[in-house]
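[1] attaching a predicted model along with its sequence, questions to come.
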Amino acid sequence: MSAAELPKSERRIIINWDGGSLWWDLFKHRASSEASPQFLKSMLEQCIDEHAAAQVDTFVECIFFCFRSQVPSSVTDLTHFVDQAGLDFIRIELERCHHHNMEFIADLRMNDRHGGGSMENKGQFIKDHPEWRLEGAPGGLDYTYEGVRRGILTFVREVLDAYDVDGIEFDYMRWCHVFEPGEGSQNAHLLTDLMRKTRQLLDATAQRRGRGRLLLGVRVPQTLEECDYLGYDVASWIKEGLVDYVVPSDFFYTDFNTKVEEFVKLAEGTDCKIYPAIHPLICCGHGEVLMNLANYRAAAHNFYAYGADGISPFNYMYNWDKRRSTGYPGPAYMWPAALGYLRELRDPQTVSQGDRHYLFYPLWPNYTETQYGVKDDRIVLDRTESDPQGSQRFRMAEDFGDPKLRGVLQFKAVGMAEDETLEIYLNGTAVPDNYITCLFDADGQNEWQGRELPAFYLYIIDLDWGMLAPPIINGDNDLTVRLILTEAQSEGTVTIDELEVYVQVKK
């Protein structure tokens, strides 16, 4: 029985890899130009073996980007990360996955725009058709042109003819726009037609091979509003049975507030599964500190509580990418230890038994309307207002009525004067002063600690209120902060930043 035919509760981890990003760090330092093909093949198989040990269900490898590919095709330029040995890396990965009864999915980055409008890293297909390029998203192609969609289908057909893959994933998050900005909704039918034709190719291939259904997955933004804006009619894709799984994802970071239930509702009564993404990076500008196991647990705990069938790690190599260069964040020694996290994260019950650390940071601070949407969740208190106050939503699937749980909430108040104070409310209930600790950090936060911040006041709120149950609810909570003005301060702003909650599970 393939993983596609298993009950929903038995599929948990589907990991996505950039082309070569899994093994490149290892090969770069261990495999000289004179390394034997047998040695290189063994190294690649060991990478897959580590995934099997971590109980990964589905291995997704990006083989197509910018109309360049890791496999031969009539519409792409062939790119080899290691070509001196004459090995077919994709076939080796695929066969090793099947050796471990692990699915292998071929991934296409639908409009990768690394390098922007530069043609240096683009395939000849793009260079030959300047009339098909997006003006509002330089470096990408406009899918309103039938020739672009035909090129994608040609590549998919050739991959299915040449490789015994278990399915195809379309990564629409690289880089979101397939139509001119603002024209997504009106052209959504064109993308849905592409999805239908891809489904037909997969079904015909499955019939020819005499095997069960081949999977079609999609990686899309984590809000339906963004999907609609970009032309991704996810509801139709699910309703028509075109897709087997959907990965709601931010472009680069883990969103603890993802409304998974919106996608789950679309999939009710179907066989489509929902796998929200987790990313090692925390937020824009927070480059030197990565998510840890307690952070991953918190995200997964929220996702499972709202109906997710599992999780999908993306860019997971950041956990050990310092092997590649000291310029990358995180420790170099986490290969393959970080893969071991996935063995725990695949089981909701195991996740619920460990401490969880929620990060409600601004994913894209100071960004406005881009392909990322507006994701700058911070409270800004303006002193020019008569009663400066603001609120922030934060989601936690936690029941603080459970005596085994203890929690601590904290945030940083940037720009607050020494003689000013804050009133703090959780879901409308004032937090008693004796449960609040306030500390001044005159040095602020440097790049090695996270996002650079000037001097701030650190507010720490204990959520163990004894006989008084804290008003935190299981679900979407509201932090409201009110600035108590003084005569000395009458202008400027105070920003409530980096809200987080640590939940301890008593053993």
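    Structure received.
[2] identify the residues contacting the closest residue to residue 447 other than its chain neighbours.
    Distances taken as Cβ to Cβ, 6 or more residues apart in numbering put residue 288 closest to residue 447, at 5.7 Å, once the chain neighbours are dropped. Backbone N, C-alpha and C define where each C-beta goes, glycine included. Residue 288 makes contacts with 329, 447-450, as judged by Cβ atoms under 8 Å, 6 or more residues apart in numbering.
[3] tally of neighbours for residue 423?
    Burial of residue 423 is recorded as 13 neighbouring residues (other Cβ atoms under 10 Å).
[4] you'd agree it is up against residue 432?
    No. At 11.3 Å, residue 423 and residue 432 do not qualify as touching, with contact defined as Cβ atoms under 8 Å.
[5] could you list the low-pLDDT ranges of the stretch 351-500 of the chain?
    For the stretch 351-500 of the chain, the stretches flagged by pLDDT under 70 are 368-374.
[6] 80 instead, please
    366-374, 466-468, 487-490 (pLDDT under 80).
[7] which stretches in it count as strands?
    356-360, 379-382, 389-396, 405-414, 421-426, 429-430, 436-441, 456-462, 475-484, 493-505 (DSSP state E, counting those that start in this stretch).
[8] all strands for the stretch 51-200 of the chain, in order.
    Counting by DSSP E, counting those that start in this stretch, the strands of the stretch 51-200 of the chain are 58-65, 68-69, 77-78, 103-109, 167-171.
[9] neighbouring strands - and their directions - for the second one?
    Spelled out, that is strand 68-69. Here strand 68-69 has these sheet partners by DSSP bridges: strand 58-65 (antiparallel), strand 77-78 (parallel).
[10] pretty sure residue 388 sits against residue 484.
    No. Using Cβ under 8 Å, residue 388 makes no contact with residue 484, being 9.2 Å away.
[11] of these two, who's got more company?
    residue 388 (18 against 11).
[12] about what we covered before: show the buried residues in the contacts of residue 288.
    In terms of neighbour count (16 or more other Cβ atoms under 10 Å), the buried residues within the contacts of residue 288 are 329, 450.
[13] and the furthest pair within the contacts of residue 288?
    329 and 449 (11.9 Å; Cβ to Cβ).
[14] tell me, what's touching the two both at once?
    288-289.
[15] care to break this protein down by domain?
    For the chain, automatic domain parsing gives the domain ranges 3-354, 379-505.
[16] most tightly packed of those?
    A comparison of these by mean neighbour count, using mean count of other Cβ atoms under 10 Å, puts domain 3-354 on top with a mean of 19.
[17] pull the distance from that one to the chain's centre.
    10 Å (Cα atoms, centre = their mean, to the nearest Å).
[18] one more: stretch 399-407?
    Centroid separation for stretch 399-407 versus its chain: 28 Å, with Cα atoms, centre = their mean.
[19] what's the closest non-adjacent residue to residue 113?
    residue 139 (3.7 Å).
[20] what sits against that neighbour?
    So residue 139 contacts 66, 113-118, 122, 133, 175 (Cβ under 8 Å, 6+ apart).
[21] which two of the residues you listed have the greatest separation?
    Going by Cβ to Cβ, the pair spanning these furthest: 114 and 133, at 14.9 Å.
[22] element containing residue 261, please.
    Using DSSP states H and E, residue 261 maps to helix 260-267.
[23] next, the angle strand 389-396 makes with that helix.
    With axes from the mean of the first three to the mean of the last three Cα atoms, to 10 degrees applied, the angle from helix 260-267 to strand 389-396 works out at 50 degrees.
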